[in-house]
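Colleague: My questions concern the predicted model and sequence given below.
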Amino acid sequence: MSEAVIKCEAVYKIFGENAKKMLQDSNGNVDAKTFQENGCIVGVNNASFEVAKGEMLVVMGLSGSGKSTLLRCISRLTDATGGKIFIEGQDLLNLNNKELIELRRNKMGMVFQSFALLPHKTVVENIAFPLQIKGIKTEESINKAMEMVKLVGLDGRENYFPRELSGGQQQRVGIARSLAVEPDIWFLDEPFSALDPLIRKEMQDEFLRLQEKLQKTIMFITHDFDEALKLADRIAIMKDGIIEQLDTPANIVLNPATEYVRKFTEEVPREKVLLIEDVMDESISNNLGDVKVSKYEIIENVAEKILTQEKSVAVIDENNKTVGSINPTKIINTVFGGRKNGK
Amino acid sequence: MEFLKKYPKIFQWLFLLIVFFALCFAIDVPETYKFIRGQAEFVKDPNQSSYIFLGKEVRYYAFDVFWRLPPLLGWLPIWINDSLFFLMNEWMPMEFWNEDTQEFKTRPIVLQISRNLTAFMTFLIELIREILLGGLETIVAFTSWDWIDANPWAELPGLPWTIVAAGFAILAYKLSGIGLAIFAGLTMVYISVFGQWKPSMQTLSFILVAAPLSFIFGLSLGIAAYKSKRVEKALYPILLVMQTMPQYAVLVPALVLFGVGDHAAVIITMVVAVPPMILLTLLGLRAIPPEVIEAGRMSGCNNWQLMSKVLIPTARRDILIGVNQVIMVCFSMAVISAFIGAKGLGFNLLLALNQLNIGLALEAGLCISLIAILLDKMSLAWANKQVDYFGNLNFFQRNKNLLFFSITVIIGILLAYFGSIYFKGGYNYLFEVPHNKGISTADFWNKGVDWIFDTFFVYIKAFNTWLIQEVLQPMRALYLRMPAVATLVLVVGAGYLIGGIRSALVVCGLTLFIALSPWWDRALVTAYMATFGVIVSCIIGFTVGTLCFQNKHSAKFMLGVCDIFQTFPSFVYLIPVMMLFGITDTSVLIAVIVYATIPATRYTIEGLRSVPAGLHDAATMSGVNKFQRLTKIEFPLAFPHMMLGLNQTIVFALFMVIIGAFIGTEDLGQYILKALSDKNGAGIGLTLGICVAFIGLIFDNLIRTWVEKRKKHLGIA
């Protein structure tokens, strides 16, 4: 793993009047219940993690789990009550206002659930807004904004006002605006939650296409587990301010750390999420058939191929080298096994 | 008993009422008490007592404390007065350079500030006025009278009325469309043709100065309150009192600080117009979705950029609604401040009413109402107008309105020039129609009034006598018969039952202030007039509102009517009632009823409308008929909103009762009017104003607390 772009060390966010003092007194052992009795609400409880360059971390949780609060701590829209946050090695909480504004102008972009477009500006003006705030000349900023308009596929609508666009189109504007300053770090706060299911799927695909091209460091917030599985490099599952588990999608599905996480994974169609790599046997026996499957395939796509064999099937990597094997019973166990006993 | 257990509240209320009536009967009217017409201070009477506080002697009638509380706050007006005078004439004398005498002079600082403000305001008003009407003062302000004598050509010429009319029409077209443009043009032509041009332009110039200044102050204070909780907390009580303070009352201190004239009127108008602007700015900024602010922050805005580029443009509509409110307040003040010498339509209106020349008053009132409606519609159109995209228009398309206006300016000047040749020696009608040369309908109206009096005198008089003798007098007697302690118990008890200990304390404080002031009797009279007005208004308003709600079009129509009626400056309402009922309490009460019915009707319709469509459908599917739906679904849900209407009705009624003092009533308003011509009136006027405001606030507190609870209970908060 390369150097961490975002690094959180024991981050707390507690709302309430004497939150800071209570946090100090508690010595890092924050119990939401006792805090609540004293009039404080725990938003984020001891969050520590890193996000590597070019990685997409999806934070998943139900409403009230503190996922948005965590994101706002890292973008410093609210100040964390305790802990340390580093953005590319800079101590975020020690930046003064000017440095913070500099950081936001050059390094960060953010997309919001309700789009948060400025109603009095056209599409292209909205996208050019962060550039103009930076002090870039109008003409130059509009030119740059037009590139962004093309990137998100809104050409021809650049002079529309947000009120004249559909939800999906508005969010494209939001995405384009957050990308206009070419930030390294990209925050997305439930960007697709307000959209219809069909549009949402379309936008997710579009988003993956963009990410492939741009390779940003991403923190993506969602309450939709399927969305998290589809997009994430790693997923952090939050509950009551605590990160319950932070791992790759496959590991979360295969080895849920807590009962809470397991509940989410129960209904997940594993064959659609897991790769062969995740379930293969790493020992290479000699008794393999002729059929070979790539370790990067999703189980669903090759299940038929494997299940029609009687012997184990060889698994190969991108260089056609055999790296493991997989047994048809293993496939059956993976797909149906977890659900049978209800655990 | 079952019943009482089921509804414990009813039992509590009954208990309160029983205590109240018991107190009323237990405490006898002292023999020495009669409704005192003169002010205690000026009458020598064996029953009089006095006490000395802060070196001031306060005289009052000694009664049983249960009957009337002694005026322990009697020193307050005197003290306010003395403080004001001390501030003006003695506090912090400083050396100031005097331009005229070319030497340093010692003056108290407040006096100097007030003089400078006066000079500045006068200059602004004169500037606008002379752009519209022509004159010398502005040029003189920059040069001197000697210079003017030497250069008699140097005079602002004023705009011909044709240009102003066309300008308004073009602006109205740009803001709204052809309909409003025609209305604007016709209004201006009407004003000109009927010879009201000069006073109208004087009023307009007054508003063109007062409104922008109020806007700037209101916006800045609103932003300050948005940014800092402390500022908001400091402003909040002032805003609250100013919302219910009769506009009359603030005139008096202004008189002391700034003297008589347009400048004093502008300053005092600002005092009244700024609070609603602050409230609406705050409302607009608060309503911005937090994500928009975050988006601004994440775009790297600093505080200034965030405010100017994100927050204010996003809150644009509410802020412009604030502008609309400011303009409306300015109009009503334009009339009222005629009392302290503001020129214009208001002054003419007041003069005509004083001379009982109903015809003239009607003309002036009509003009001021027309301009008010016009500016109201224009500013609303501005608020509701969406920004357009201009990027791909050429120069002509972008500036066509400006070009049109330039052309009309040239045509107007040419017309005025030809006019000056054509009407040689006489008046140039294409420049300005003089006041006495326009078409006047005053005679017609006056004859109409005479005819009404001749024909219906018997009936009107009979109605009048009946109302006064059978309804008003007994009601007034009942109000005055209440011992102060009983009233206090009733009000505080109601506060406790509605809002708990907190509400009780607030209400108790407000009531005590009035009870301890020297004007408790007058306050009771004010309350009785307002109560009568409110009861009748509510009955009419709720009935009319409910009936109109039955049909979509009639509801919309009624709301439109309410809009227009609300635009009229409150003084205008006095004209028709004086026309019909002359100078009696009946006139005032009818004006009160008409004025206060507006919010009652409006809130009823709005409340009924706000019932969710889903519930409507659900009720229909349960098979209710129209009447059942109204009583079982719509009324219970709309009731909290209708109660807010009641709140507004009370405020409106109080305002009108106070203004009614102009016709001659015996309430607090009468004393406010008196204070205007009293050189020691500032303290009295202000204290009286606060008393009236507190009457309003008592009901405001009770009703609001109840509504909030009820809404929470119904889950529609």
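Modeller: Now that the structure is in, tell me what you want to look at. Numbering: from 1, shown residues only, chains lettered A, B, ... in the order given.

Colleague: where does the residue of the stretch 251-400 of chain B found nearest chain A land in three-state SS?
Modeller: Of all residues in the stretch 251-400 of chain B, residue B:300 sits closest to chain A, at 3.3 Å by CB to the nearest CB. No exception for glycine: its C-beta is placed from N, CA and C like everyone else's. Here residue B:300 is recorded as coil under DSSP: H, G, I helix; E, B strand; the rest coil.

Colleague: How about residue A:9?
Modeller: At residue A:9 the chain is in strand, as set by three-state DSSP.

Colleague: Hmm, it is touching residue A:91, no?
Modeller: No. With contact defined as CB atoms under 8 Å, residue A:9 does not reach residue A:91; the gap is 10.3 Å.

Colleague: These two - which one has more neighbours?
Modeller: residue A:9 (14 against 10; other CB atoms under 10 Å in any protein chain shown).

Colleague: In terms of pLDDT, where does that one sit?
Modeller: pLDDT recorded at residue A:9 is 90.

Colleague: Roughly how far does it sit from residue A:49?
Modeller: Separation of residue A:9 from residue A:49 (CB to CB, to the nearest Å) stands at 9 Å.

Colleague: can you check residue B:577 too?
Modeller: For residue B:577, the distance to residue A:49 equals 75 Å [CB to CB].

Colleague: what about the two, which has more around it?
Modeller: Higher neighbour count among residue B:577 and residue A:49: residue B:577, with 22 against 18, using other CB under 10 Å.

Colleague: residues in contact with the host helix or strand of that one?
Modeller: Using DSSP states H and E, residue B:577 maps to helix B:574-581. For helix B:574-581, contacts defined as CB atoms under 8 Å, 6 or more residues apart in numbering or on different chains pick out B:349, B:353, B:356, B:358, B:361-362, B:365, B:445, B:449, B:452, B:460, B:464, B:587-588, B:590-591, B:594, B:659-660, B:662-663.

Colleague: Tell me, how many residues neighbour residue A:139?
Modeller: Neighbour count for residue A:139, taken as other CB under 10 Å: 9.

Colleague: distance of it from chain B?
Modeller: 12 Å (CB to the nearest CB, to the nearest Å).

Colleague: Look up the pLDDT of that residue for me, please.
Modeller: If you check residue A:139, the pLDDT there is 87.

Colleague: tell me the secondary structure for it?
Modeller: On the three-state scheme (three-state DSSP), residue A:139 is labelled helix.

Colleague: OK, contacts around it?
Modeller: Counting by CB under 8 Å, 6+ apart, residue A:139 touches no other residue.

Colleague: I'd say the residue of the stretch 251-400 of chain B closest to chain A and residue A:131 touch.
Modeller: No. With contact defined as CB under 8 Å, residue B:300 and residue A:131 do not form a contacting pair (9.8 Å).

Colleague: what is in contact with the two at once?
Modeller: With CB under 8 Å, 6+ apart as the test, residue B:300 and residue A:131 both reach residue A:181.

Colleague: For the nearest residue to residue A:327 once chain neighbours are set aside, what are phi and psi?
Modeller: With CB to CB, 6 or more residues apart in numbering or on different chains as the criterion, residue A:327 has its nearest non-adjacent residue at 4.6 Å, and that residue is residue A:312. Taking degrees, to the nearest 10, you get phi -70, psi 160 for the backbone angles of residue A:312.

Colleague: Now for residue A:312: which residues touch it?
Modeller: By CB under 8 Å, 6+ apart, the neighbours of residue A:312 are A:281, A:285, A:287-289, A:325-328.

Colleague: Can you turn the buried part of those residues into a PyMOL selection?
Modeller: PyMOL command restricting the contacts of residue A:312 to the buried ones, with burial defined by 16 or more other CB atoms under 10 Å in any protein chain shown:
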select buried, chain A and resi 288+325+326+327+328
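
Colleague: Can you name the residue of the stretch 501-650 of chain B nearest chain A?
Modeller: residue B:502 (19.5 Å).

Colleague: mind listing what's buried in the helix or strand containing that residue?
Modeller: In this assignment (DSSP H and E), residue B:502 forms part of helix B:484-516. By neighbour count with 16+ other CB under 10 Å, helix B:484-516 contains the buried residues B:484-499, B:503-504, B:506-508, B:510-516.

Colleague: packing partners for whichever helix or strand comes after that helix?
Modeller: Remark: after helix B:484-516, the chain's next helix or strand is helix B:520-549, criterion DSSP H and E. On a contact count with 3 or more CB pairs under 8 Å, 6 or more residues apart in numbering or on different chains; DSSP states H and E, helix B:520-549 meets helix B:473-481, helix B:484-516, helix B:552-567, helix B:585-609, helix B:635-660, helix B:668-676, helix B:681-714.

Colleague: tilt between helix B:520-549 and helix B:585-609?
Modeller: Counting by axes from the mean of the first three to the mean of the last three CA atoms, to 10 degrees, helix B:520-549 lies at 50 degrees to helix B:585-609.

Colleague: show me the contacts for the residue of the stretch 1-150 of chain B at minimum distance from chain A.
Modeller: In the stretch 1-150 of chain B, no residue comes nearer to chain A than residue B:128, which is 29.7 Å away by CB to the nearest CB. Residues in contact with residue B:128 (CB under 8 Å, 6+ apart) are B:205, B:208-209.
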